[in-house]
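Novice: Quick one: sequence plus predicted model below, questions after.
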Amino acid sequence: MLFACSAGLYAIQSDPEVPATRQIDLAVVDEKADGTCRVRWSDPYEKKTREAQYHCDAGRDDILKAPNYSDSRSYGWESGFMFTEGPDRGDLYDFEASSEEQDFTTSDTLLLLGVLLILIGLVGGNLRALPRVLGVEARLVRRATRLAEAAVWAAEDYARAVDAVRDAGRHGSLDAAPDPELVRSLWVLREAGPQTRRAAADAQDLVNRMRPLLEEAAPAAGLRNRLQAGPTARADAEAAVTELRRLLADAERHGLRERFAQASVDLLRGQDTDRAALAAGTDFERDPDAYRRLLERLAPREAATEPEPLRRRRRRR
């Protein structure tokens, strides 16, 4: 609005009503370097030669200036406009002096106020957005997400291996004719070792703790989310980020991500059914009692002690 008012005032002040004039030749009697000069011209209305101060074009060619101009009186030459109507008829119309007399103070003031308001808006808006921008912890949220994914994979793989044992146990047994599928499923858990069971339990516990924190920390995952979140969501995100930072520090100190990855690798070794069946059969013949004890521990009546399967299934890599 201030810019529009300034432009309107400038247009009004810079376009004054100019009386009728016509162009005439001027003899430059004296001229200074800045263009200030004294000129003579013939006034056809008063029938005489007149002389007055004028603003000559200082940048015109030197051949038009004295003493280079071919004038017998050693005068220079300039072109000007003379009033042809009104009380000033016969006088010179000095464009340079008319421009200097125009007052653009109000227009310039409005323009400067408009620029000042824009600067205040830019600085104030950036200062207001600064706390939001400073709360972005995209790298930390990504690290926490990767750790949670590794924990989900480990817990899912262990739960899948336990489910395989229970499914096979409902259709077979380890009596006189051991069921090959049940033996192979038990062998996978025996090969993975008790540390895998502990890693899966830790993974399930970590997932249960990190899932709500990751949801609350969503505004801190990126600049756009941070700017779009409300004050309450930003406060919750800051608290969640603080807790995630603590969990990540504990996980790095105990090497949880490496443990989860190793547990997944150990549990996936039974994917090769033929080789696993041969190895499982040999190991079962060597120590069948260990297989029976493991099956008894994983029986449905004690299944509540095992980590529950997660709903989201892992995509095979």
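Specialist: Right, received. Where do you want to start? These figures come from a predicted structure and were not determined experimentally. Numbering: from 1, shown residues only.
Novice: quick one: least confident helix or strand in the chain?
Specialist: helix 95-101 (a mean of 56; mean pLDDT, DSSP states H and E).
Novice: tell me the domain ranges of this structure?
Specialist: Using automatic domain parsing, the domain parsing of the chain gives 17-101, 135-305.
Novice: Please identify the deepest-packed of the ones you listed.
Specialist: domain 135-305 (a mean of 17; mean count of other CB atoms under 10 Å). Just so you know, the C-beta spots here come from the backbone N, C-alpha and C atoms, and that holds for glycine as well.
Novice: pLDDT averaged over it, what's the number?
Specialist: Domain 135-305 shows a mean pLDDT of 85.
Novice: Surely Ala237 touches Ala218?
Specialist: Yes: here Ala237 reaches Ala218: they are 7.0 Å apart, a contact under CB atoms under 8 Å.
Novice: what's the single longest strand in the protein?
Specialist: strand 21-31 (DSSP state E).
Novice: Could you spell out the sheet neighbours of that one, each with its direction?
Specialist: Using DSSP bridges, strand 21-31 pairs in its sheet with strand 36-43 (antiparallel), strand 76-83 (antiparallel).
Novice: Show me the contact partners of the helix or strand encompassing Arg257.
Specialist: Element membership for Arg257, per DSSP states H and E: helix 256-267. By CB atoms under 8 Å, 6 or more residues apart in numbering, the surrounding residues in contact with helix 256-267 are 146-147, 150-151, 153-154, 157-158, 160-161, 188-189, 191-193, 195-196, 199-200, 202-203, 206, 250-251.
Novice: now do 10 Å
Specialist: 143, 146-162, 188-189, 191-193, 195-200, 202-203, 206, 247-248, 250-252, 255, 314, 317 (CB atoms under 10 Å, 6 or more residues apart in numbering).
Novice: swap in stretch 277-288?
Specialist: Against stretch 277-288 from outside (CB under 10 Å, 6+ apart): 174, 178, 180-188, 190-191, 269-270, 272-273, 290-293.
Novice: can you dump the C-alpha coordinates of it into CSV?
Specialist: C-alpha atoms of stretch 277-288 as CSV (Å, rounded to 0.1, in the frame of the first residue of the first chain):
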residue,chain,number,x,y,z
ALA,A,277,17.7,-80.7,7.6
LEU,A,278,21.0,-82.7,7.3
ALA,A,279,22.7,-80.6,10.0
ALA,A,280,19.6,-80.8,12.2
GLY,A,281,19.4,-84.6,11.9
THR,A,282,23.0,-85.1,12.8
ASP,A,283,22.8,-82.8,15.8
PHE,A,284,19.6,-84.4,17.0
GLU,A,285,21.2,-87.9,17.0
ARG,A,286,24.1,-86.5,19.0
ASP,A,287,21.9,-84.9,21.7
PRO,A,288,18.2,-85.7,21.5
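Novice: That one: how far from the chain's middle?
Specialist: Distance, stretch centre to chain centre, for stretch 277-288: 59 Å (CA atoms, centre = their mean, to the nearest Å).
Novice: try stretch 256-265
Specialist: In terms of CA atoms, centre = their mean, the centre of stretch 256-265 is set 35 Å apart from its chain centre.
Novice: The chain should start at 5 in everything you say after this.
Specialist: Done: numbering now begins at 5, and the last item shifts to stretch 260-269.
Novice: Please write out the alpha-carbon positions of that stretch in PDB.
Specialist: The C-alpha coordinates for stretch 260-269 follow below in PDB (Å, rounded to 0.1, in the frame of the first residue of the first chain):
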ATOM      1  CA  LEU A 260      22.500 -53.300  20.500                       C
ATOM      2  CA  ARG A 261      22.300 -52.700  16.800                       C
ATOM      3  CA  GLU A 262      25.100 -55.100  16.100                       C
ATOM      4  CA  ARG A 263      23.500 -57.700  18.400                       C
ATOM      5  CA  PHE A 264      20.100 -57.300  16.600                       C
ATOM      6  CA  ALA A 265      21.800 -57.700  13.200                       C
ATOM      7  CA  GLN A 266      23.700 -60.800  14.300                       C
ATOM      8  CA  ALA A 267      20.500 -62.400  15.800                       C
ATOM      9  CA  SER A 268      18.700 -61.900  12.500                       C
ATOM     10  CA  VAL A 269      21.600 -63.400  10.500                       C
END
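Novice: Perfect, that will be all.
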